[in-house]
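Engineer: The amino acid sequence is not available; the structure is as follows:
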């Protein structure tokens, strides 16, 4: 599953865009210096029933922003993404959708 597919599924399951979830994580202090992925994993599991893979995709955005490695961009592998920048504002507003 691609990074973007994880984020799209998170939106489907929570009803919140990735950007909204990043804002909630900020309010909870889950992006503070020294914060660990485990805090996001626990929060998303408890509040939304999401698993580790989805949580780790969101943790990447929380901790590093929407830019991802070009390693899988435009490849034919299972983890391929169309671009190296993740769309955080929801599927309905994603260009080309």
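Structural biologist: The structure has been received and is ready for your questions. All of these numbers come straight from a predicted model, not from anything done at the bench.
Engineer: Distance from stretch 33-52 to the middle of the chain?
Structural biologist: 12 Å (C-alpha atoms, centre = their mean, to the nearest Å).
Engineer: actually stretch 30-38, not the one I typed
Structural biologist: So, by C-alpha atoms, centre = their mean, the centroid of stretch 30-38 is 15 Å from its chain's centroid.
Engineer: Repeat that for stretch 64-73.
Structural biologist: Worked out by C-alpha atoms, centre = their mean, stretch 64-73 lies 12 Å from the chain centre.
Engineer: For the nearest residue to residue 66 once chain neighbours are set aside, list the residues it contacts.
Structural biologist: Excluding its sequence neighbours, the residue lying closest to residue 66 (C-beta to C-beta, 6 or more residues apart in numbering) is residue 86, at 4.2 Å. Yep, even glycine has a C-beta here, placed from its N, CA and C like the rest. Listed by C-beta atoms under 8 Å, 6 or more residues apart in numbering, the contact partners of residue 86 are 3, 4, 7, 18, 61, 66, 67, 68.
Engineer: secondary structure element for the residue most central in space within the chain?
Structural biologist: Residue closest to the average C-alpha location in the chain (C-alpha atoms, centre = their mean): residue 58, at 2.9 Å. Using DSSP states H and E, residue 58 sits within helix 52-64.
Engineer: what sits up against that helix?
Structural biologist: 1, 3, 6-7, 9-10, 13, 18, 21-22, 25-26, 30-31, 35, 37, 40-41, 43-45, 68, 86, 88.
Engineer: residues near residue 95, how many?
Structural biologist: 6 (other C-beta atoms under 10 Å).
Engineer: From residue 28, how far off is it?
Structural biologist: 30 Å (C-beta to C-beta, to the nearest Å).
Engineer: got a list of what the residue nearest to residue 28 when sequence neighbours are not counted touches?
Structural biologist: Spatially, and ignoring its direct neighbours in sequence, residue 28 is nearest to residue 43 (6.6 Å; C-beta to C-beta, 6+ apart). By C-beta under 8 Å, 6+ apart, the contact list for residue 43 reads 25, 28, 30, 55.
Engineer: Just to be sure, residue 43 is in a helix?
Structural biologist: Yes: assessed by DSSP: H, G, I helix; E, B strand; the rest coil, residue 43 belongs to a helix.
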